[in-house]
Each structure stands twice: as structure tokens, then as C-alpha cells.
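>>> Below is the sequence, then the predicted model.
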Amino acid sequence: MAGLTIGGGMGLPPEWIEGTVFPSYFWPGILLGVVVGGIQAAALFAQHNRFRLTWGLHAAAGLTMMIWIFVEIAIVLAWSPLQGIFFTTGLVQTILAVLALGAWPHPFLQRVE
């Protein structure tokens, strides 16, 4: 967030956002910090305080990260390896949260009768 807002886009080409609703990287940086950073912070806060909704917030945070990357690529029409890393971390966070919520059957290979 800070790099996009205060840092003026962290060296990202201004051409990437030409033709979008954003005149600069300032508002995308604000949205990134509030939406993606906010849900990640809420998940960490819930985990630190051992709230019951922790894993649900982690699943939401991972999904938010993946959706952000999809939308970013759709708007910018460019891809970088860093986006792949962020998408992968969101995917791993979502998978681990869903497994922690009980999606892993016990025993794993038991047949349904």
C-alpha cells in the first residue's frame, strides 16, 4: 500500500493503468491496503486472540488475495512472477484454512457407505 500511494507506484509503468478508472496508482494502493491488507490483518488479529472465526477469516483473506490478483491482471493486462507468488500464497492460505475448518475427512481414504 505504502509503495503504491506514497512511493508513486514503486516504479510500475504508468501505461499499465491507462484506460482504467484510476489516474494513478494512489487509489489502487488504498484499495489494496484496505481490502486485502484489512482482511489479512483481521485474520491475524483473530488468530492471535484465538477467536472461533479465525479460520473462516483466513479462508476469506486467501480468497480475497486470489480475487485481487485476477482483477489486477484483467485491468492491467500484464503478468509478473510476483503476481504468481501472491496468487499461490492466497491459494495455500485458503486450502489450509478450509482443511482446518474440517474439510479433511477422517480417515482420509475411508469409503462412504
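Here it is on my side, so go on.
>>> Three-state assignment for Ser24, please.
coil (DSSP: H, G, I helix; E, B strand; the rest coil).
>>> ah, wrong one, I meant Phe51
With three-state DSSP as the criterion, Phe51 reads coil.
>>> And the pLDDT for it?
Listed pLDDT for Phe51 reads 96.
>>> That one: neighbouring residues, count only.
By other CB atoms under 10 Å, the residues close to Phe51 number 14. The way it works is simple: take the backbone N, C-alpha and C, and place the C-beta from them, glycine included.
>>> what does Gln93 give?
21.
>>> The residue nearest to Leu53 when sequence neighbours are not counted: neighbour count?
Take Leu53 and drop its neighbours on the chain: the residue closest to it by CB to CB, 6 or more residues apart in numbering is Ala46, 5.7 Å away. Neighbourhood size, Ala46 [other CB under 10 Å]: 17.
>>> Let's see the pLDDT reported for Ala46.
97.
>>> Give the other helices and strands that the helix or strand where it lies contacts.
Element membership of Ala46 [criterion: DSSP states H and E] is helix 38-48. Contacting helix 38-48 under the criterion 3 or more CB pairs under 8 Å, 6 or more residues apart in numbering; DSSP states H and E are the following elements: helix 54-76.
>>> who touches the helix it packs on?
16-17, 20, 32, 35-36, 39-40, 42-43, 46-47, 79, 83, 86-87, 89-98, 100-101 (CB atoms under 8 Å, 6 or more residues apart in numbering).
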